[in-house]
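Colleague: Next input, structure requested:
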Amino acid sequence: MSISPNPNLDSGLPSNETVQNLDSPNLFLNRELSWLQFNLRVLEEAENTGYPLLERAKFLTIFATNLDEFFMTRVSALRRQVAAGVGEPPPDGMTPSEQMLAICREVTPLLQRHQSCWHEDICPKLSETGIHVLHSKSLTEKERLRLRDYFCAEIFPVLTPLAIDPTHPFPHVSNLSFNLAVIVKDPDRGECFARVKLPGGFKRLIPIPEESPASLQETLLGSESRISRFVWLEDIVADNLDLLFPGVEIVASYAFRVTRDADLTITENEAADLLTTVEQQLDLREFGSAVRLELEAKTPSSIADILIGNLQLSPYLVYSENDPIGMAGIAELTALDRPDLKDPFHVPVVPPICTQPGGMLAAVRQQDILLFHPYDSFVPVVDFIREAANDSAVLAIKQTLYRVGAKSPIVDALLEARMNGKQVAVLVELKARFDEESNIEWARKLEDEGVHVVYGVHGLKTHAKTCLVVRRESEGIRRYAHLATGNYNVATSRIYTDLSYFTSDPVICNDVSDLFNALTGYSRKPAYDKLLIAPKLLRKELIDRIEREITHHQAGRDGYIAFKMNALVDKACIQALYRASQAGVKIDLQVRGICCLRPGVPGLSETIRVVSVVGRFLEHARIYYFKNGGQDEVFAGSADLMPRNLDQRVEILFPVTPPHWRDVLITEILGIGIQDNVQARELQPDGTYRRLHPSEGESPIHSQEWFMSRWKSRY
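Modeller: Purely as a prediction, here's the structure:
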């Protein structure tokens, strides 16, 4: 395949003539390249010496796993478009072929920085603290012999060497598996090629046994705090290949890894049973087309050619790396009991109102409650559902589940509610990417206990996060709602910044009831009273409010817009923001990840500022604020401004109207994020980001540290 460069890549900023045509490709940044800029910001956190060492190692891991998913989903989609010769260009106008070439150009130097950060910085510094990640050839003979004993007892029985020759076809290489390409010299046949797949179920980093305890098995079962020396699993296997190939000479071995297209293709029109269909597609994920080959830098071209040819890969999808390849295994170091090398433990706050007599339902009946996780604890969310499950006056609980994790007190509470005779209806989104298997397991468990389980809306993903409790009270039926920006997942609530909002507002609760009727039945309610719902309505509602801000500004009522989100991609929304800026409306955007809008372009976006905060916690909340001529209007919810969110998902934005909570969102959560001059990067018109620093005489503001230190004092 021939790939030609994109003429727009180096064309500079839009001209004065271009900014008058809001459809011009030069006005938009490419989505995939913007995502790579986000992953660069993650890498910069690994390079940031202000973090403890194991936190820096964590960012190296996040960078690596992010890139794996990027190739499995985004690059695979582009490759399919290239192969088919079709694909509608994105707003920036780059063809799939041009995007593939640009990605290759960006990824290669990122990988070099990533490996340099490990080999030249973090790994040597970890050694100074007593944590050594070594190669087997650097060990003493006694240590290698002890590892050989472990290899014979634990690893050898699992391995299956596969010869590759005319009678042994090239084997299937599963997605993200680690492999050794082995060259052996046979006395009769000369040099031969074989593949050894590293076994699953083993850690990548194997602890090196000391003289005492005597066996590695004892070391593995002992306290991890005593383990300080490790060797890579592939090193142990490579060091003992003679046991797998007795009677022949081991010439060399080279590690490699293949990434495959892992995006599920589900044709719902032909699926009689969506759960079974998703299960079948999960089995096929290991057999998707190869989209990336990672090789050790020392791999000779003859071996690379064999792998490239059999995997049917284009050379630009081959990445040569210093060992180790696939560095997500570094994450295993973060399990070490070394608090001196980690961030201080953060204890979330439980607001006093959530601990009053009567529990969460009584508290919500008294007033709306806003929580900001992880600064506020997730415990009140669990308590809200658990109390409802055990309250004799509660008649029904309805809930959406998108990503709930492996162990879920939320699901346990729903099961408890069913056992207590409540009517429980749960929408489990089976198509939540890379959580499909876990969600299938939960769906089956809920169904087995008699819970009404549905799998979503035909043709859409249900990404909305909400729970509705229906209770009989002295004055009649009252409903309570929990609406959120994040998942019902206890584990991620400790590391994602998200909002929880509890309300018994009858209008909002009625909207939530109508939404559940649409999710579980055939309701087609055309509009909602307070909630903004996608698809169909959300994009128009937001653009109408942007246009309203233009009208306010032109009438002398200073227009102002502030959004906080994960991604800004949608062309129509970006064009509306451009129009608002051209009219003079001031706009502050906090966009953690992808942003296709070019800020600060004369005549186009001079009044728009875009910042991104990447830090200890994953910024995940979505907030949309409009000054509205002094009648502040603010929404929060599950939706980013991306076509998939606005057109292909069920999403909710909910209004926060109590003045106190509205001010918290505007002046604190949005306001402090906008003022961050330590952890924030500011997007430049060319798509790059500039790290902010306090100006002379300006106080430093690190938004996440600000919330950790000051959030508790606000109660």
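Colleague: Tell me who's in contact with Thr299.
Modeller: Taking CB atoms under 8 Å, 6 or more residues apart in numbering, we find Thr299 in contact with Ala181, Tyr254, Phe256, Ser320. The C-beta positions use only the backbone N, C-alpha and C, and glycine is treated the same way.
Colleague: Now with 7 Å, please.
Modeller: By CB atoms under 7 Å, 6 or more residues apart in numbering, the contact set of Thr299 is Tyr254.
Colleague: Could you report the distance from it to Val86?
Modeller: As judged by CB to CB, to the nearest Å, Thr299 and Val86 stand 34 Å apart.
Colleague: and what of Glu106?
Modeller: Using CB to CB, Glu106 is found at 24 Å from Val86.
Colleague: the more surrounded of the two?
Modeller: Glu106 (16 against 9; other CB atoms under 10 Å).
Colleague: Does the more buried one touch Leu33 like I think?
Modeller: Yes: assessed by CB atoms under 7 Å, Glu106 is found in contact with Leu33 at 6.3 Å.
Colleague: Could you name every residue contacting both of those two?
Modeller: What both Glu106 and Leu33 touch, as defined by CB under 7 Å, 6+ apart, is an empty set.
Colleague: which residues sit in contact with the residue lying closest to Val650 once chain neighbours are set aside?
Modeller: Closest residue to Val650 apart from its sequence neighbours, by CB to CB, 6 or more residues apart in numbering: Thr462 at 4.3 Å. Thr462 is in contact with Thr400, Leu427, Glu429, Gly456, Leu519, Val650, counting by CB under 7 Å, 6+ apart.
Colleague: Can you tell me which of those are buried?
Modeller: Taking 16 or more other CB atoms under 10 Å as the criterion, what is buried in these is Thr400, Leu427, Glu429, Gly456, Leu519, Val650.
Colleague: Looking at those, which are in strands?
Modeller: If you go by DSSP state E, the buried ones among the contacts of Thr462 have Thr400, Leu427, Val650 in strands.
Colleague: Which one of the residues you listed is nearest to Glu437?
Modeller: Using CB to CB, Leu427 comes nearest to Glu437 of those, at 17.8 Å.
Colleague: So, low pLDDT: which residues of this structure?
Modeller: When residues are selected by pLDDT under 70, those of the chain lie in 1-13, 15-17, 211-227, 264-287, 431-436, 523.
Colleague: and if we set it to 50?
Modeller: Across the chain, the ranges flagged by pLDDT under 50 are 1-11, 213-214, 216, 221-225, 270-272.
Colleague: Could you chop it up by domain?
Modeller: Here the domain parsing of the chain from automatic domain parsing is 18-115, 133-263+292-337, 352-520, 532-714.
Colleague: Could you dump the ones you listed into JSON lines and include distance to Pro124?
Modeller: Conversion of the domains of the chain to JSON lines gives the following (distance: least, CB to CB, whole Å):
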{"stretch": "domain 18-115", "distance to Pro124": "10"}
{"stretch": "domain 133-263+292-337", "distance to Pro124": "10"}
{"stretch": "domain 352-520", "distance to Pro124": "28"}
{"stretch": "domain 532-714", "distance to Pro124": "24"}
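Colleague: Out of those domains, which is closest to Leu126?
Modeller: Leu126 sits nearest to domain 18-115 of all the domains of the chain, at 5.7 Å, using CB to CB.
Colleague: For that closest one, measure first residue to last.
Modeller: Taking CA to CA, to the nearest Å, domain 18-115 runs 41 Å from one end to the other.
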